[in-house]
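> structure of the sequence below:
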Amino acid sequence: MKYSLKRHLGIIFISLITGTILMCLLFNSTLLEKYYIDKKINALISAYYSINKASSAGDIRTDNYDIELQKICGKYNINVLVADSDSEMIKTSMADSEFVIKQLLHNIIKGVNQEEVLQEGANYKMQIVTDSRTQMEYIEMWGWLDNGYLFMIRSALEGIRESVSISNRFLTYVGIMAISVSALLSLWLSNRITRPILELTDISESMKQLDFNAKYMGKDTTEIAVLGNNINELSETLETTISELKTANNELLKDIERKEQIDEMRKDFLSNVSHELKTPIALIQGYAEGLSEGISDDAESREFYCEVIMDEAAKMNTMVKRLLTLNQLEFGNEVVNMERFDITALIRNYIASADILIKQKSISVRMEDYGTIYVWGDEFRVEEVFMNYFTNAINYAQGEKIIDIRIHEEAKRVKVSVFNTGSPIPEESLEHLWEKFYKVDKARTREYGGSGIGLSIVKAIMESMNQDCGVVNYDNGVEFWFTLDNCVDITL
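Below you'll find the model as predicted:
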């Protein structure tokens, strides 16, 4: 992703840690030495007061104070020299004490440059000096004690600077390690934060394609989990709303065409019904009159007459029922319930229910292993359309007696086709197939009880859902097809 939240979080975490370490290193480099020097000045003053106290009490010459002096020198990393007014050594921790006494006397007699003085008290001065022999810098505190003794306390600045250098190097090493560890932790933390966000992104992408099966399954209790639950509820609401809109839209489209079609449909209906009922009524009437007049006295003939009458009556009953169904569809008296369902499962279930008939006709049904394909439509009506196609295919299958069922999924449509081997339909009959009571082969249609309105019902059902249907001739058979809205199509 161009603007990855994971990358942004990682950069922010690493930048904060790196900036903090660099800031500490900068403060260390610029302020640590001054801080050390301030602390060293306080240490020199503390040592001065300790020595002055021991000197005033007369304890400075004792052996016990030697131990105390060693502790002071070790604790503060300083060197001490104390001499009497005659320049005689009293206490010292310096190796070059004679040179230091000369320097002390020089400072007392000739004084020092006041600009170089760091701090000054009633009996002492403090300054930074450079040893002429070693060229090392020292913080020196010199003057006299309350009892008149001379003293000098000093500490080398090189140790302070070395400590600052060591501290900076150590901080640099720690900083590099901290940045490396923080980079790994940042990647882990950003991945942990962004993983549920990416999951929600995928779910929203699926919802955009009208796939409402994806749900947020996170177990956390953060704000992201609340958002995930809201998206789940939104997904369910959208699916219900789209289903309702599809249904309402189909009803609206049907209402627009309904008024224009009613009169014409009524005329056609009455004309076709009267025509189709004429033959079976004539047969029933003729055979009934024959029975009444006793044309045939034997029981077998009378039974035959009765069978013909019942058979024709049953065909009329079936035709009337189908005409009523067709009439309701064409007049729009039934609401088409648009819903989302799996067309693959519908077809497979119907084929399984027709297994006995398939075996009786010795027909081979072929269908690829299609996965789940969701479509929009009236599931009950779509099953009736497929039943008509499949029944016709069984009745007209010839030659190899193969029925091939195919589902072709496009961006907005799903096309279902039923092909059966046999003779093609005459070209002049193709445009009339969808008309009520039209029969290509009347003898064969009557043989299996066809009424000639099955494909008219198919046409009416598909028009009620604003879908298409059709037929295609092949050299070795015929293919009937119909279309449905793919579930990813949001066109209303």
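
> okay, now M338: neighbour count?
22 (other C-beta atoms under 10 Å). The C-beta positions use only the backbone N, C-alpha and C, and glycine is treated the same way.

> do the same with E257
E257 has 11 nearby residues by other C-beta under 10 Å.

> repeat for Y149
Y149, neighbours per other C-beta under 10 Å, totals 19.

> torsion angles phi and psi at it?
phi -70, psi 150 (degrees, to the nearest 10).

> what sits against it?
Y149 makes contacts with 55, 60, 82-85, 90, as judged by C-beta atoms under 8 Å, 6 or more residues apart in numbering.

> which among those residues count as buried?
Listed as buried from the contacts of Y149 are 55, 60, 82-83; burial here means 16 or more other C-beta atoms under 10 Å.

> ok so, going back, inside helices: which ones of the contacts of Y149?
Under the assignment DSSP state H, the contacts of Y149 contribute S55 to helices.

> which residues of the stretch 51-200 of the chain fall in strands?
Along the stretch 51-200 of the chain, the segments classed as strands by DSSP state E, counting those that start in this stretch run 79-83, 89-92, 117-120, 124-130, 137-144, 150-156.

> and the last one, how far out from the chain middle?
Its chain's average C-alpha position is 73 Å from that of strand 150-156, according to C-alpha atoms, centre = their mean, to the nearest Å.

> contact partners of it?
40, 43-44, 47-48, 51, 76-85, 87, 100-101, 103-105, 108, 124, 136-145.

> re earlier: for the strands of the stretch 51-200 of the chain, which one sits closest to L185?
L185 sits nearest to strand 150-156 of all the strands of the stretch 51-200 of the chain, at 42.3 Å, using C-beta to C-beta.

> which sections of the stretch 51-200 of the chain are below the confidence cut-off?
Applying pLDDT under 70 to the stretch 51-200 of the chain flags the ranges 115.

> ok, which stretches of the stretch 301-450 of the chain are helices?
343-353, 355-360, 379-396, 427-430, 442-447 (DSSP state H, counting those that start in this stretch).

> the last one: what's the following helix or strand?
Looking back up the chat, that one is helix 442-447. Where DSSP states H and E defines the elements, the next helix or strand beyond helix 442-447 is helix 454-464.

> with just CA atoms, put that following helix into PDB.
C-alpha atoms of helix 454-464 as PDB (Å, rounded to 0.1, in the frame of the first residue of the first chain):
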ATOM      1  CA  GLY A 454     -44.200 -24.100 -20.500                       C
ATOM      2  CA  LEU A 455     -41.800 -21.800 -22.400                       C
ATOM      3  CA  SER A 456     -44.400 -19.000 -22.100                       C
ATOM      4  CA  ILE A 457     -44.200 -19.400 -18.300                       C
ATOM      5  CA  VAL A 458     -40.400 -19.300 -18.500                       C
ATOM      6  CA  LYS A 459     -40.600 -16.100 -20.600                       C
ATOM      7  CA  ALA A 460     -43.000 -14.500 -18.100                       C
ATOM      8  CA  ILE A 461     -40.900 -15.400 -15.100                       C
ATOM      9  CA  MET A 462     -37.700 -14.000 -16.600                       C
ATOM     10  CA  GLU A 463     -39.500 -10.800 -17.600                       C
ATOM     11  CA  SER A 464     -40.900 -10.500 -14.100                       C
END
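
> what angle separates that helix from helix 379-396?
150 degrees (axes from the mean of the first three to the mean of the last three C-alpha atoms, to 10 degrees).
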